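Enquirer: Using only what follows, build the 3D model:
(chains A, B, C and D)
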Number of protein chains: 2
Amino acid sequence: MSQEKTILIVDDEAAIRDMLRIALEMADYRCLEAADSQQAHTIIIDERPNLILLDWMLPGSSGIDLARRLKKDELTASIPIIMLTAKSEEDNKIQGLEIGADDYITKPFSPRELVARLKAVLRRTEGLTPLEPIEIEGLRMDPINHVVTLDDSPLQMGPTEYRLLSFFLTHQDRVYTRGQLLDHVWGGNVYVEERTVDVHIRRLRKALTTHDRFIQTVRGAGYRFSVKLVANA
Amino acid sequence: MSQEKTILIVDDEAAIRDMLRIALEMADYRCLEAADSQQAHTIIIDERPNLILLDWMLPGSSGIDLARRLKKDELTASIPIIMLTAKSEEDNKIQGLEIGADDYITKPFSPRELVARLKAVLRRTEGLTPLEPIEIEGLRMDPINHVVTLDDSPLQMGPTEYRLLSFFLTHQDRVYTRGQLLDHVWGGNVYVEERTVDVHIRRLRKALTTHDRFIQTVRGAGYRFSVKLVANA
DNA sequence: CGTTATGATGACATTTTTGTGACAGCGGTA
DNA sequence: TACCGCTGTCACAAAAATGTCATCATAACG
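Expert: Next comes the predicted model:
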């Protein structure tokens, strides 16, 4: 299960888009529908990309305006942007960096360079999770060292169980269906059997051994993580 | 209150120096005396700067030679360098990065861009170069003499392994993804496969032989250096 | 009770991730 | 020139995690 990243391409030249798409898909990235020239200033997508490749020159609305608007909008401000500029436009790169683009690439560029820079930008913005440790009833999860302890003794579990526990700790006292758990913990667009959730719940329970009272089964509905003991309904 | 960083400016144009000084001081950095054209090849300072801004073109001795010498000298090898290049020299940027400069900026640049890049470089190299020797459990790193010993017997390792260990020693008990390690240890603008990290982790582990328990693999996440933590999560 | 629906559990093949040895390129040096 | 150390990448081995299934246990309900 590779952690797939999605890239949004905004360019009005179909040839460039195709080239980008091929390069990106070879590197295991998923491309979102590239906005064409006319709608470039009103991109509507129903999925949040991990990164935006934005051409500097867009007819109607210039790429830099678009970038500025994206960076202003709360919803999109945190998405890193890489600007594509023609060589003659290179002077603009400073302006591009100033308004918040995370990198720029001058055309023509090699696919390899593109992917390399893209990786660098993604990696730079990736590790920005200075989350606070969570502790309840002796169960402590510290995302900084990626360690779960129960009464100070470390617990061992797989990555999926870790994510599952992480989700539960931040969403306590509420019942989630298997489908919802798949959405939140596995990620939206994966196809796995709902029963798989049962197995991982089992594995997480085993990892928590003595404290498996935390995870409650709600028959016919799903699972709930809670410190309080709640009667099922 | 702010942890003051000192920047050494090496440029023969007084106008540039003044501009840099103003920009840097506005951003709360402290500037060291800029070497002028004549002494550029024999910088003598009595304070160790946190970063060096180095002009590519220096009369008498070219900036790149100076950079190379700085990177060779044990005392200064660990100080990050940002090269300033004129636009026409941009082809040289690759060469600059190759000899060990941590970033480059092409003139003309905005003060804002300068500070942004400078911050990025400082952030990456932060804590990477302790001035005091560090010792834990018989493992001792002496940054001044650039020597690592284990129970008083010297260990041999390559430069990359040394930097990796140096980073780990100053950032213990915390998981870093391969990408983050590339960012901090290799530098932000190198394009290297993430698996390369694995290989260097292996080489470092081999160099530490008996104490390879320090470097822990956190499956699905990255690596962690720690004396105490044992179980993964 | 008996029947049925739903969850728990152990086993297992497959996939993913990491460890490891080898190798070619590069720059420095004898 | 030949040699040497370091580096990044690769191919393959090893290890761990994952998803699915068959089967068992239990709750719900008549």
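Enquirer: can we go C-alpha only for contacts and neighbour counts from here?
Expert: Will do.
Enquirer: Most proximal residue of chain A with respect to chain B?
Expert: A:Asn145 (4.1 Å; Cα to the nearest Cα).
Enquirer: tell me the contacts of that residue?
Expert: B:173-175, B:224 (Cα atoms under 8 Å, 6 or more residues apart in numbering or on different chains).
Enquirer: State the distance from the nearest residue to it once chain neighbours are set aside to B:Arg203.
Expert: Distances taken as Cα to Cα, 6 or more residues apart in numbering or on different chains put B:Arg174 closest to A:Asn145, at 4.1 Å, once the chain neighbours are dropped. Using Cα to Cα, to the nearest Å, B:Arg174 is found at 20 Å from B:Arg203.
Enquirer: before we move on, back to that, any chance of the contacts of A:Asn145 in a markdown table, plus pLDDT and secondary structure?
Expert: A markdown table is the format used below for the contacts of A:Asn145 (pLDDT from 0 to 100; DSSP: H, G, I helix; E, B strand; the rest coil):
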| residue | pLDDT | secondary structure |
| --- | --- | --- |
| B:Asp173 | 89 | coil |
| B:Arg174 | 90 | coil |
| B:Val175 | 93 | strand |
| B:Arg224 | 95 | strand |
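Enquirer: per-domain residue ranges of chain A.
Expert: With automatic domain parsing as the criterion, the domains of chain A are listed as A:6-126, A:134-225.
Enquirer: By mean pLDDT, show me the worst of those domains.
Expert: Averaging pLDDT over each of the domains of chain A singles out domain A:6-126 as the lowest, with a mean of 69.
Enquirer: Does A:Phe168 lie in a helix or a strand, and which?
Expert: Assigned by DSSP states H and E, A:Phe168 belongs to helix A:159-170.
Enquirer: mind listing what's buried in that helix?
Expert: A:160-162, A:164-166, A:168-169 (16 or more other Cα atoms under 10 Å in any protein chain shown).
Enquirer: Give me the subset of these that also touch chain B.
Expert: Among the buried residues of helix A:159-170, the ones lying near chain B by Cα under 8 Å from any Cα of the partner chain are A:Tyr162.
Enquirer: Check the buried residues of helix A:159-170 one by one and keep those near DNA strand C.
Expert: For DNA strand C, no contacts are drawn from these by Cα under 7 Å from any atom of the strand.
Enquirer: Using CSV, lay out the buried residues of helix A:159-170 together with distance to A:Arg68.
Expert: CSV is the format used below for the buried residues of helix A:159-170 (distance: Cα to Cα, whole Å):
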residue, distance to A:Arg68
A:Thr160, 37
A:Glu161, 39
A:Tyr162, 37
A:Leu164, 37
A:Leu165, 38
A:Ser166, 34
A:Phe168, 37
A:Leu169, 36
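Enquirer: for the buried residues of helix A:159-170, which one is nearest DNA strand C?
Expert: Proximity of these to DNA strand C (Cα to the nearest atom of the strand) peaks at A:Thr160, which lies at 10.7 Å.
Enquirer: can you give me the helices in chain A?
Expert: Remark: helices assigned in chain A by DSSP state H are A:14-26, A:63-72, A:93-98, A:111-126, A:159-170, A:178-181, A:195-208.
Enquirer: Near DNA strand D, which residues of chain A are found?
Expert: Within reach of DNA strand D by Cα under 7 Å from any atom of the strand, chain A has these residues: A:1, A:157-161, A:186, A:191-196, A:199, A:219.
Enquirer: neighbours of A:Met157, just the number please.
Expert: 21 (other Cα atoms under 10 Å in any protein chain shown).
Enquirer: ignore the last one, A:Leu66
Expert: Other residues close to A:Leu66 by other Cα under 10 Å number 20.
Enquirer: what's the answer for A:Ile82, then?
Expert: Number of residues near A:Ile82 (other Cα under 10 Å) recorded here: 26.
Enquirer: Quick check: bridge partners of it?
Expert: Counting by DSSP bridges, A:Ile82 is bridged to A:Leu53, A:Asp103.
Enquirer: One more: A:Ile134?
Expert: Beta-bridge partners recorded for A:Ile134 (DSSP bridges): A:Met141.
Enquirer: Tell me which residues touch it, please.
Expert: Applying Cα under 8 Å, 6+ apart, the residues near A:Ile134 are A:140-142, A:169.
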